[in-house]
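Undergrad: please work out how this folds:
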Amino acid sequence: MIQVAIVKRRLREGKTYEDFRRAWYHTVGFGTTNKMLTVLNVADPREVIVIGLTETTIEQARDLIAIDAKERKENPLNDVIEPEIDRTFGILIAEDDFSGTGPIAYKSAYVDGKETDMKEVAKNLSEGAKLLAELRKAE
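TA: Numbers count the residues shown, from 1 in each chain. Okay, here's the model as predicted:
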């Protein structure tokens with residue numbers, strides 16, 4: 001399963017993306033396939049959006065969240081970003097490539113060449129929601 005985290009933060013007045021990057025950049029890896037995509041909002045260049053794609057299981061997710069929490073404690077972003085943070089978590093269920101020209105035939109949802117099992121997705125969403133609820137109570 002590929003877990004998706006979308007985190008939106010807003011730079012403090014006078015801070016730059018480079019200030020954010022230096023404070024945010026991880027010093028310890030997750031130990032699993034991970035890609036972080038960083039986006040600056042065209043309508044508000046102070047808004048930094050990070051999209052994390054991490055290959056994991058629900059069982060491993062708790063450990064990965066602990067690694068990230070430790071990073072944030074050791075490398076706080078408070079001086080660089082405003083206090084409000086918007087977080088969305090999910091599971092990648094489809095990769096679609098519409099880069100060709102001309103008609104494209106419909107195909108079922110696939111990730112990494114494997115058809116998405118929506119029953120498994122439903123189970124993982126349920127387990128993920130329970131994990132998030134536990135973590136929010138602990139905050």
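
Undergrad: how about the lengthiest helix in the chain: buried residues?
TA: In the chain, assigned by DSSP state H, the helix with the most residues is helix 118-138. Residues 121, 124, 128, 131 are the ones in helix 118-138 that count as buried (16 or more other CB atoms under 10 Å). C-beta here means a position set from N, CA and C on the backbone, and glycine is covered the same way.

Undergrad: how about the residues you listed in a markdown table, adding distance to Ile93?
TA: Compiled in a markdown table, those are given as follows (distance: CB to CB, whole Å):
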| residue | distance to Ile93 |
| --- | --- |
| Val121 | 6 |
| Asn124 | 10 |
| Gly128 | 13 |
| Leu131 | 18 |
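
Undergrad: out of these, who's nearest Ile49?
TA: Set against Ile49, the nearest of the buried residues of helix 118-138 by CB to CB is Gly128 (20.6 Å).

Undergrad: contacting residues for that closest one?
TA: If you count contacts by CB atoms under 8 Å, 6 or more residues apart in numbering, Gly128 has them with 3, 58, 61, 89, 91.

Undergrad: out of those residues, which are inside helices?
TA: Per DSSP H, the subset of these in helices is 58, 61.

Undergrad: flag whichever of the contacts of Gly128 scores worst on pLDDT.
TA: Across those, the smallest pLDDT goes to Ile58, namely 78.

Undergrad: give me the number of residues near that one?
TA: 17 (other CB atoms under 10 Å).

Undergrad: measure it to Thr88 for me?
TA: For Ile58, the distance to Thr88 (CB to CB, to the nearest Å) stands at 17 Å.

Undergrad: same check, this time on Tyr110
TA: For Tyr110 relative to Thr88 (CB to CB), the value is 22 Å.
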